[in-house]
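1. structure for this input, please:
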Amino acid sequence: MKKSILILFLLFCCEGFSQETEVKFDESLAKSLNADEYGMKKYVFCLLKSGTNKTASKEETQKLFEGHMKNINKLAKEGKLVVAGPFMKNDRNYRGIYIFNVETVQEAEALVATDPAIQAKLLEAELTPWYATAALQETVKIHEKISKKKM
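-> Next up is the predicted model:
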């Protein structure tokens, strides 16, 4: 009797596990996101750090960061920027991140060059190739549906 119960338990566990690992592949979605066979793609990760410009006035800094935000929104609408956001206060001079929807560091360098805060050296950017889920590109669309206020 105990063996029968154990066998039934194991069968139910195996059945549940097989259902959880079932692949629900959507070929048209994968193609639209340029996903590889693992559902992944290349991006460029950008770490924003405090720049060398320590002499900008508060008014100048405010104007440059307004341009910084406009540029972020522009790049996001173009589909070139899939994630952007600031870090909380820290002791490493880390200010924020960008994840660019491009394959090469050279492409990302051209996009970083459009940021007024980087141009003014309030921020500096470190760029590196990154490999992650192609679904990350859908973040901007989802964010628009959950944000009450625009930045």
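
2. the residue nearest the centre of the chain pairs with what?
-> For the chain, the residue whose C-alpha lies nearest the mean C-alpha position (CA atoms, centre = their mean) is residue 83; its distance is 3.4 Å. Counting by DSSP bridges, residue 83 forms beta bridges with residue 99.

3. ok, now how distant is residue 50 from residue 105?
-> 21 Å (CB to CB, to the nearest Å). All C-beta atoms are positioned from the backbone trio N, CA, C, and that covers glycine.

4. ditto for residue 130
-> 10 Å.

5. show me what the one helix or strand residue 118 maps to packs onto, helices and strands only.
-> Using DSSP states H and E, residue 118 sits in helix 116-119. Contact here means 3 or more CB pairs under 8 Å, 6 or more residues apart in numbering; DSSP states H and E; on that basis helix 116-119 packs against helix 58-77, strand 123-133.

6. so, low pLDDT: which residues of this structure?
-> 1-21 (pLDDT under 70).

7. and with 50 instead?
-> For the chain, the stretches with pLDDT under 50 are 2-12, 14, 18.

8. and the closest residue to residue 151 other than its chain neighbours, how many neighbours?
-> Spatial nearest neighbour of residue 151, excluding adjacent residues (CB to CB, 6 or more residues apart in numbering): residue 69 at 6.0 Å. Residues contacting residue 69 under the criterion other CB atoms under 10 Å number 15.

9. joint contacts of residue 130 and residue 105?
-> Here residue 130 and residue 105 share the contacting residues residue 44, scored by CB atoms under 8 Å, 6 or more residues apart in numbering.

10. isn't residue 43 up against residue 133?
-> No. Residue 43 lies out of contact with residue 133 (CB atoms under 8 Å); the separation is 9.7 Å.

11. neighbour count: these two, which is higher?
-> Under the criterion of other CB under 10 Å, the comparison of residue 43 against residue 133 puts residue 43 first, with 24 against 14.

12. can you tell me the closest non-neighbouring residue to that one?
-> Nearest residue to residue 43, sequence neighbours excluded (CB to CB, 6+ apart): residue 130, at 4.7 Å.

13. let me see the contact set for that neighbour.
-> Residue 130 neighbours (CB under 8 Å, 6+ apart): 42-45, 99.

14. let's see that with 7 Å instead.
-> The contact partners of residue 130, by CB atoms under 7 Å, 6 or more residues apart in numbering, come to 43-45, 99.

15. same thing with residue 87?
-> Residue 87 makes contact with 94-96 under the criterion CB under 7 Å, 6+ apart.
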